[in-house]
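K.L.:
Have a look; sequence and predicted model below, questions after that.
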Amino acid sequence: MLRPLILVLSLLIALPLWAAETSVLPGSGNLANAIAGAEPGDVLILEPGHHQAPVVIDRPLTLTGRDGAVIDASGQGTVLTIDAADVTIRDLTVTGSGQDSQALDAGIKILKKADRAVIENNRLLGNLHGVDVHGGRDAQVRNNVIEGTRNPRMNDRGNGIYVWNSPGTLVEGNAVRWGRDGIFSNASRTGIYRNNLFRDLRFAVHYMYTNDSEVSGNVSIGNHLGYAIMFSNKVVVKDNLSLSDISHGVMLNYANNADVSGNLVRGGANRCTFIYNAHKNLIYGNRFEGCNIGIHFTAGSERNVLTENAFIGSRTQVKYVGTRDIEWSYDGRGNYWSDNPGFDLGGDGIADSAFRPNDLMDHILWSQPAASLLTGAPVVQLIRWAQSSFPATLPGGVVDSAPLMTAPGIPVPPEYAAMEAEAAARRNESDLDDFDVDDLASH
């Protein structure tokens, strides 16, 4: 009895080795018929030309294509719907989804229980949503080119990659342009979103209720907002670039226990970083450069650690409206401030005196913007001199007891620097007319 059992197990293990490869010619109904006649594990090779969709993949298959193979739904629904586990789609052009936002029309949709889907090396062009991971676990979306719609109203476009309730999703190495958000992750967890390029979008990465996950090594260029981490817990946000984004580089909004490190934000955003009602976050080793506000810290955010960051050349380095002092150094190391005139006589890389980025006049200007007309008046300069000489007169605010004398450097590869320059040249004052990033109802 043991020998037949071993034989049966061997046959089951060997089944994938027997998978058939079937060539599929373009034409009406050919792809749907090929799927209906395929056995689990088969490989369907689409020949060059247009293949009619929408179609549903209801068994474990691999769909791949020769150069020039296009799957086109001609504006009807979702192009490819995956309704089975262990499906792979690679080396295809997928286009022509419908534009029904209620139905979440997409180039590729991965349904609940369609686990372990692999979507790689495809071109998804002109669909409402590029890839909609809608319930399937452990999906992999890798190395795809996704170009969304260019509806004049950005909020009416779809997302490049939409992840909903799909734990374990890996989104890696994709280039996403146009559309609404590059990645919109909602009500999910344990995802990894890394090494993607996002251009000409609303948000590069938009998190809502996505916990225990990672956003790393991504590049956001010329978007309205880089990385919006909202209502999420235990998110790692590291080694990302935000270049010439318009409104914010990094936003922590009701986000707690995050690890935000090694990120670069530069290029004229209104706020390099916005921290709103976010608690117990570790923010270190980042470089915030050339924004209107380096970091806006508000709404009772508590128990955050900020250390070894660089605040360089922003018009206002810190905007913190509060009546008590908060310390921005940790274990004897603070942050670098480009406007700190401190000295380091000891040569240990730490300035000899504490630094306060704001004074009483800053608080007045925040609450009474018209007072900016008096900025150069002698009385204002006298007040600022008095506060620098007598710190006891300063209001509550950020105190860095161990400011650094050198800034951490974060390099930008030349190809991204060229894209950054192009995005900066195209920017104009109407870029934010379509939506308000601070309006939570629009998210």
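P.N.:
Received the coordinates, thanks. For clarity, every value in this text was computed on a predicted model and none was experimentally measured. Numbers count the residues shown, from 1 in each chain.
K.L.:
For the protein, which segments count as helices?
P.N.:
2-14, 30-36, 360-367, 378-389, 414-426 (DSSP state H).
K.L.:
most centrally placed residue in the chain?
P.N.:
Closest residue to the average C-alpha location of the chain: residue 205 at 2.2 Å, with CA atoms, centre = their mean.
K.L.:
Quick one: residues contacting that residue.
P.N.:
181, 182, 183, 185, 193, 198, 215, 218, 220, 226, 227, 228 (CB atoms under 8 Å, 6 or more residues apart in numbering). For the C-beta atoms, the positions are set from N, CA and C on the backbone; glycine is no exception.
K.L.:
which residues touch the nearest residue in space to residue 56 that is not next to it in sequence?
P.N.:
Of all residues not flanking residue 56 in the chain, residue 81 sits nearest, at 4.6 Å (CB to CB, 6 or more residues apart in numbering). For residue 81, the contact set (CB under 8 Å, 6+ apart) comprises 54, 55, 56, 57, 108, 109, 111.
K.L.:
Pairing-wise in the sheet, spell out the partners of residue 81.
P.N.:
In this entry, residue 81 is beta-bridged to residue 56, residue 109, by DSSP bridges.
K.L.:
Distance check, it against residue 419.
P.N.:
Separation of residue 81 from residue 419 (CB to CB, to the nearest Å): 34 Å.
K.L.:
The closest residue to residue 304 other than its chain neighbours: neighbour count?
P.N.:
Leaving aside its chain neighbours, residue 304 sits nearest to residue 281 (4.8 Å; criterion: CB to CB, 6+ apart). When neighbours are defined as other CB atoms under 10 Å, residue 281 has 22 of them.
K.L.:
How about the contacts made by residue 281?
P.N.:
Residues near residue 281 by CB under 8 Å, 6+ apart: 252, 255, 256, 257, 258, 259, 260, 275, 304, 305.
K.L.:
Now the fourth one. Its backbone dihedrals?
P.N.:
With angles defined as degrees, to the nearest 10, residue 257 shows backbone torsions of phi 60, psi 30.
K.L.:
Neighbours of it, how many?
P.N.:
A total of 16 residues lie near residue 257 under the criterion other CB under 10 Å.
K.L.:
quick one: it and residue 283 touch, right?
P.N.:
No - assessed by CB atoms under 8 Å, residue 257 is found out of contact with residue 283, at 11.9 Å.
K.L.:
Could you measure from the residue nearest to residue 56 over to residue 71?
P.N.:
12 Å.
K.L.:
can you pull up the bridge partners for residue 70?
P.N.:
residue 50, residue 93.
K.L.:
So for stretch 195-208, first residue to last residue, what's the gap.
P.N.:
20 Å (CA to CA, to the nearest Å).
K.L.:
same deal with stretch 135-142?
P.N.:
Using CA to CA, the end-to-end distance of stretch 135-142 comes to 18 Å.
K.L.:
how distant is it from the center of its chain?
P.N.:
Here stretch 135-142 is found 17 Å from its chain centre; the criterion is CA atoms, centre = their mean, to the nearest Å.
K.L.:
contacting residues around it?
P.N.:
82, 85, 110-121, 131, 133, 161, 164-174.
K.L.:
is the residue nearest to the centre of the chain in a bridge, and if so with what?
P.N.:
Counting by DSSP bridges, the residues bridging with residue 205 are residue 183, residue 227.
K.L.:
quick one: it from residue 183, how far?
P.N.:
From residue 205 over to residue 183 (counting by CB to CB), the distance is 5 Å.
K.L.:
Quick check: neighbours shared by the two?
P.N.:
193, 198.
K.L.:
What distance do you get for the nearest residue to residue 315 once chain neighbours are set aside to residue 267?
P.N.:
The shortest distance from residue 315 to any non-neighbouring residue, by CB to CB, 6+ apart, is to residue 292 (5.2 Å). Separation of residue 292 from residue 267 (CB to CB) stands at 11 Å.
K.L.:
now residue 324
P.N.:
Separation of residue 324 from residue 267 (CB to CB): 33 Å.
K.L.:
Looking at the two now, which is surrounded by more residues?
P.N.:
Taking other CB under 10 Å, residue 324 and residue 267 do not tie; residue 267 has more neighbours (23 against 7).
K.L.:
right, and the more buried one touches residue 424 too?
P.N.:
Yes - under the criterion of CB under 8 Å, residue 267 makes contact with residue 424 at 6.1 Å.
K.L.:
Which neighbours do these two have in common?
P.N.:
residue 244.
K.L.:
What residues does residue 262 make contact with?
P.N.:
238, 239, 240, 285, 286, 410.
K.L.:
If we use 7 Å, what do you get?
P.N.:
By CB atoms under 7 Å, 6 or more residues apart in numbering, residue 262 lies in contact with 238, 239, 285, 286, 410.
K.L.:
Output these in TSV; the columns should cover distance to residue 343.
P.N.:
Shown next, in TSV, are these (distance: CB to CB, whole Å):
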residue	distance to residue 343
238	33
239	32
285	24
286	25
410	26
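K.L.:
Throw these into TSV and include pLDDT, thanks.
P.N.:
Converted to TSV, those look like this (pLDDT from 0 to 100):
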residue	pLDDT
238	98
239	98
285	98
286	98
410	97
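K.L.:
Among the contacts of residue 81, which one lies nearest to residue 312?
P.N.:
Of all the contacts of residue 81, residue 312 sits closest to residue 108, with 41.7 Å by CB to CB.
K.L.:
Give me the pLDDT value at the closest one.
P.N.:
Listed pLDDT for residue 108 reads 98.
K.L.:
wouldn't it be in contact with residue 94 here?
P.N.:
Yes - contact status for residue 108 versus residue 94: in contact at 6.2 Å, counting by CB atoms under 7 Å.
K.L.:
Quick check: end-to-end length of stretch 173-186?
P.N.:
Start-to-end, stretch 173-186 (CA to CA) is 20 Å.
K.L.:
Give me the contact list for it.
P.N.:
Residues outside stretch 173-186 that contact it (CB under 7 Å, 6+ apart): 141-150, 154-155, 157-164, 171, 191, 193, 195-210.
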